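Novice: show me the folded form of this:
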Amino acid sequence: MYDNSVKSILKAQNGDQDEMTKLIEDNNGLIWSIVKRFSGRGYEIEDIYQIGCIGFIKSIKRFDVNYDVKLSTYAVPYILGEIKRFLRDDGPIKLSRSIKELNIKIKELQKDYLNKTGEEISLSKLSEELKVSKEDIAMAIDSNTPIDSLENTSYRDNKTDKTISIIEKISTGVDESTLISNKIAIQELIKNLENREKEVIILRYYKEKTQTQVAKILGITQVQVSRIEKKVLNSMKVKLVS
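Specialist: Prediction:
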């Protein structure tokens, strides 16, 4: 799926409109899967789709066929970036009323819990108190997170005592061009994790918590956190290079 030939990409880069149209059609499902994330923002979904297509076309023009990555994977940040840029330039990104209301409730509960206990409330506790699934809680929190957060978010590595990002953590040691390409799939990979796995990754790399802190928040052991984190990161490595 979405596996485009080098010959077709090169033709499109050289101005072949038929090949460009074919690439868009072949990747239509990918573009729509991203566009649908922005429904309910006050814009016609078809308009957002057209903006997504512009991002996809830009990815084709900038794609290096020597990258060890599929065009579909490389295109994701361009599609996302073009849509978010449009929404940002046209005004504040319009979240649905339900997400706005849930975000307000989450922030209020987080603040109250921190004031009362001195600790951060867990996703499980938020889900229990608000009677909303942990998936919806995570998505509401993620809706306010910048697209480049995974690249910029850093934490203290216990082994080297250096500050590194999640990108560096899962790096497979490939060259810089491939590393840049691999960054683009991470956010989508996280969205497909199991709830507990997602909790660990969000707390570790979004909230910058140590494994010990994560264990305390989730009510599990530090060893369990370490195992979950290692499993997820290894899985990401495999998917990024597959």
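
Novice: in this structure, which helix or strand is least confident?
Specialist: In the chain, the helix or strand scored least confidently by mean pLDDT, DSSP states H and E is helix 176-183, which has a mean of 40.

Novice: residues near I57, how many?
Specialist: 18 (other C-beta atoms under 10 Å). Every C-beta, even on glycine, is put in place using the N, C-alpha and C of the backbone.

Novice: how about R196?
Specialist: 17.

Novice: got a list of what it touches?
Specialist: L218, I228 (C-beta atoms under 8 Å, 6 or more residues apart in numbering).

Novice: which element is it on?
Specialist: Per DSSP states H and E, R196 falls inside helix 195-201.

Novice: which strands or helices does whichever helix or strand comes after that helix pack on?
Specialist: Next along the chain after helix 195-201, taking DSSP H and E as the criterion, comes helix 211-218. The helices and strands touching helix 211-218, judged by 3 or more C-beta pairs under 8 Å, 6 or more residues apart in numbering; DSSP states H and E, are helix 195-201, helix 222-241.

Novice: list the buried residues for the helix holding R196?
Specialist: Buried residues in helix 195-201, counted by 16 or more other C-beta atoms under 10 Å: R196, E197, K198, E199, V200, I201.

Novice: and what of stretch 11-28?
Specialist: Under 16+ other C-beta under 10 Å, the buried positions of stretch 11-28 are K11, A12, E19, M20, L23, I24, D26, N27.

Novice: model confidence over the host helix or strand of the first one, on average?
Specialist: Per DSSP H and E: K11 is located in helix 6-13. Per-residue pLDDT over helix 6-13 has a mean of 88.

Novice: now the strands for the protein?
Specialist: With DSSP state E as the criterion, the chain has strands at 154-156, 163-165.

Novice: rank those by mean pLDDT and give me the bottom one.
Specialist: Sorting the strands of the chain by mean pLDDT places strand 154-156 lowest, at a mean of 51.

Novice: report the separation between the spatially closest residue to S122 that is not a sequence neighbour and S8.
Specialist: With C-beta to C-beta, 6 or more residues apart in numbering as the criterion, S122 has its nearest non-adjacent residue at 4.5 Å, and that residue is I217. Separation of I217 from S8 (C-beta to C-beta, to the nearest Å) stands at 48 Å.

Novice: just R196 next, same as before
Specialist: Counting by C-beta to C-beta, the gap from R196 to S8 is 41 Å.
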